[in-house]
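Student: I'd like to go over a predicted model; first the sequence, then the structure.
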Amino acid sequence: MLAALNQFLEYQGCGHMKVKRIKVQQRLFLKEEKELSQGEYRRLVRTAERDGKKWLALCMETIASTGIRVSELKYFTVERVRKGRIEVYNKGKYRRIFLPEFIREKLLGYCRKKKIKSGCIFVDSKGNPKDRSSIWREMKRLKEKSGISGEKIFPHNLRHLFARKYYQCTRDIAGLADLLGHSSLNVTRVYTSNTGRVYQMQLDRMTLLKI
């Protein structure tokens, strides 16, 4: 907000009135009340399936299995999924999204069932790609039936879950940055943060300095 205000003041010829940016220390730990666990993620997917929203369940599985941004679902076309890779060209940048075989098979099975032969897989009633806000709203509606806090239910949390699980398995933060499309490892580090509770458990298991 301050950046926008300063640009407006500059445009109005009032550059001398610009305000200083506020320096905010980077949060080192995740907020436990906002962290989506693997078990809660599975519960969300199953709730969507029981609710007859197979497309939503598959959307969530796709994001959590690949680490994509929700806005990148529009690049998931029948043709690209058949090839087994999604290539994204956005704002002059190129990124390749890798597909785990199980999610590729699920996507193709969904296309066969829904008789989607070409183009974008996740579309609305008018044939347009599902937008971020509609997916967000549908996810929020799962709150009551899943018993999961609404603070944890939003698409970007699935991307964070992917990042944490990938890093736990590989400890490859540089590779994770490539998969997420980050140009800075500092951004990726935020995605791999744990809650303070996790660090406390790790410290409690350390006995090297115990006397």
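Tutor: Perfect, I can see it now.
Student: what residues are up against residue 179?
Tutor: 66-67, 98, 166 (C-beta atoms under 8 Å, 6 or more residues apart in numbering). Where C-beta positions appear, they are placed from N, C-alpha and C, glycine not excepted.
Student: of the residues you listed, buried ones?
Tutor: With burial judged by 16 or more other C-beta atoms under 10 Å, the buried subset of the contacts of residue 179 is 66-67, 166.
Student: which one of those is nearest residue 12?
Tutor: For the buried ones among the contacts of residue 179, the minimum distance to residue 12 (C-beta to C-beta) is 41.6 Å, reached by residue 67.
Student: what strand or helix carries the most centrally placed residue in the chain?
Tutor: Central residue of the chain (C-alpha atoms, centre = their mean): residue 159, 2.3 Å from the mean position. Using DSSP states H and E, residue 159 falls within helix 155-170.
Student: tell me how far that helix lies from the chain's centre.
Tutor: Relative to its chain's centre, helix 155-170 lies at 8 Å (C-alpha atoms, centre = their mean, to the nearest Å).
Student: now stretch 156-175
Tutor: On C-alpha atoms, centre = their mean, the centre of stretch 156-175 falls 10 Å from that of its chain.
Student: for residue 168, see how far away residue 187 is.
Tutor: Going from residue 187 to residue 168 by C-beta to C-beta, to the nearest Å gives 18 Å.
Student: check contacts around residue 154.
Tutor: Contacts for residue 154 (C-beta under 8 Å, 6+ apart) come out as 136, 139-140.
Student: elements contacting the helix holding residue 159?
Tutor: Using 3 or more C-beta pairs under 8 Å, 6 or more residues apart in numbering; DSSP states H and E, the elements in contact with helix 155-170 are helix 38-50, helix 54-66, helix 132-140, helix 173-180, helix 185-191.
Student: give the buried residues for that helix.
Tutor: 155, 157-167.
Student: looking at those, spot the one nearest residue 149.
Tutor: Nearest member of the buried residues of helix 155-170 to residue 149, counting by C-beta to C-beta, is residue 157, at 11.0 Å.
Student: chain neighbours aside, what residue packs nearest to the closest one?
Tutor: Leaving aside its sequence neighbours, residue 157 sits nearest to residue 36 (C-beta to C-beta, 6 or more residues apart in numbering; 4.5 Å).
Student: any idea of the pLDDT on that neighbour?
Tutor: Residue 36 carries a pLDDT value of 91.
Student: what is the neighbour count of it?
Tutor: Residues lying near residue 36 (other C-beta atoms under 10 Å) number 23.
Student: give the contact list for it.
Tutor: 148, 152-153, 157-158, 160-161.
Student: closest to residue 61 out of those?
Tutor: Taking the contacts of residue 36 together and measuring to residue 61 by C-beta to C-beta, the closest member is residue 158, at 8.8 Å.
Student: run through this protein and note the low-pLDDT ranges.
Tutor: Residue ranges of the chain with pLDDT under 70: 23-32, 91, 193-211.
Student: I figured residue 75 hits residue 88, correct?
Tutor: Yes. With contact defined as C-beta atoms under 8 Å, residue 75 reaches residue 88; the gap is 5.2 Å.
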